[in-house]
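All I have is the shape, not the residue letters:
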Ligand SMILES: [Fe+2]
Ligand SMILES: [Fe+2]
């Protein structure tokens, strides 16, 4: 197992090895790093016909699934600050904790609003990374089918950036800056040297996570405008995750054992670091406003008997089943995933049907 990434930002909570950023100057400088040196191998191809039929079909489905973030959404619908848009408990961390602590309803509602604006902001920054990365894939992928698909995904991701930024600006009036852990991980994917690693990182790992998060929001929210936006984004995202699976299946087939182990380790390193943050970036930003100490929160969360089940939910939704199916979680890594609460139980079917690929 390779050494953990972000090793200089680790802090132990009992046996759990967390990623924690506490230096404001360092966080500001990470956010200020807007120029990223990216190695990119550009490939021409003279084969204009379709070589991978499934990929071309997915591209055709993508063309039919286009929508307009300005005119297809009924922006006149309200997202009122004074109303619940999610259940008070269970869906978001801050209102659940505050409720358990006996905080009044208005405080819990304000915390839900803040935490959700923070979450949506992080998703928005992730969408920008996806847009940039798909641009890279259009250059770097070897087949015309993959170039067609990656090119069409660029416009999907542009639309996601558009719709989420408009929702945050028009309906929430807030935009939080990118979390330091997320910035570092996204830069790692954008800087990945080969199209194979870029595809694994963005299309399988981050798209897989996005499918899970968007699905949870869509199921939990009671606000019609938000539900409509998330459902539309979600449909696009499941197509993107399908692209990840289809291209990775091919990559896996053509890889040596050594290359496969490298990919398996890369996937583990990224998901381990993502999980290691345990929302500390959010808690450091918003916790104190509600009288919550980030370290106490993490400590008590980790101590819950049901923590592995709760924590693994988002990972077990799509990303873990997909990695399993690809053969990128094997006996080499499965126990390590279990130890950090990412893999739990033995249900490895994806919770969202990727039938769009068939
Ligand atoms: Fe997206
Ligand atoms: Fe996407």
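Ah, there it is. Predicted model only: the values in this text are computed from it and were never measured. Ligands and ions are numbered 1, 2, ... in the order given.

would you list every one of the helices in the stretch 251-358 of the chain?
Using DSSP state H, counting those that start in this stretch, the helices of the stretch 251-358 of the chain run over 257-276, 280-286, 294-303, 307-317, 319-326, 334-339.

Now mean neighbour count, mean pLDDT and distance to residue 15 too, for those helices, in JSON lines please.
(C-beta placed from N, C-alpha, C; glycine too.) Converted to JSON lines, the helices of the stretch 251-358 of the chain look like this (neighbours: other C-beta atoms under 10 Å; pLDDT from 0 to 100; distance: least, C-beta to C-beta, whole Å):
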{"stretch": "helix 257-276", "mean neighbour count": "18", "mean pLDDT": "95", "distance to residue 15": "12"}
{"stretch": "helix 280-286", "mean neighbour count": "21", "mean pLDDT": "97", "distance to residue 15": "17"}
{"stretch": "helix 294-303", "mean neighbour count": "16", "mean pLDDT": "96", "distance to residue 15": "9"}
{"stretch": "helix 307-317", "mean neighbour count": "18", "mean pLDDT": "95", "distance to residue 15": "12"}
{"stretch": "helix 319-326", "mean neighbour count": "22", "mean pLDDT": "94", "distance to residue 15": "21"}
{"stretch": "helix 334-339", "mean neighbour count": "14", "mean pLDDT": "96", "distance to residue 15": "8"}
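
what does the stretch 1-150 of the chain put close to ligand 1?
Within the stretch 1-150 of the chain, the positions lying close to ligand 1 (C-beta under 5 Å from the ion) are 127, 130.

can you tell me which residues contact residue 294?
Neighbour list for residue 294: 280, 283, 284, 287 [criterion: C-beta atoms under 8 Å, 6 or more residues apart in numbering].

Now for the first one: which residues touch it?
Going by C-beta under 8 Å, 6+ apart, residue 280 touches 18, 19, 20, 21, 294, 298.

ok and the residue in the stretch 151-300 of the chain nearest ligand 1?
Per C-beta to the ion, residue 160 is where the stretch 151-300 of the chain lies closest to ligand 1, at 3.7 Å.

Which pLDDT value belongs to that residue?
Note for residue 160: predicted pLDDT of 98.

One more: the one 3 residues further on?
At residue 163 the predicted local confidence, pLDDT, stands at 98.

Quick one: name the residues of the stretch 201-350 of the chain near ligand 1.
Counting by C-beta under 5 Å from the ion, no position of the stretch 201-350 of the chain is adjacent to ligand 1.

Just list the residues touching the residue nearest to residue 278 when sequence neighbours are not counted, thanks.
Of all residues not flanking residue 278 in the chain, residue 298 sits nearest, at 5.1 Å (C-beta to C-beta, 6 or more residues apart in numbering). Residue 298 sits next to 13, 18, 278, 279, 280, 283 when contact means C-beta under 8 Å, 6+ apart.

What values do phi and psi take at residue 16?
phi -90, psi 130 (degrees, to the nearest 10).

Any buried residues in the helix or strand harbouring residue 240, and which?
Assessed by DSSP states H and E, residue 240 sits inside helix 224-254. Within helix 224-254, the residues scored as buried using 16 or more other C-beta atoms under 10 Å are 225-230, 232-234, 236-248, 250-252.

three-state assignment of residue 85?
Under DSSP: H, G, I helix; E, B strand; the rest coil, residue 85 falls in the coil class.

before we move on, back to that, the residue of the stretch 151-300 of the chain closest to ligand 1: which element?
Assigned by DSSP H and E, residue 160 falls within helix 144-167.

Now do that helix against helix 224-254, angle only.
Relative orientation of helix 144-167 and helix 224-254, computed by axes from the mean of the first three to the mean of the last three C-alpha atoms, to 10 degrees: 150 degrees.

tell me what helix 144-167 is packed against?
In terms of contacts (3 or more C-beta pairs under 8 Å, 6 or more residues apart in numbering; DSSP states H and E), helix 144-167 is packed against helix 53-64, helix 105-140, helix 224-254.
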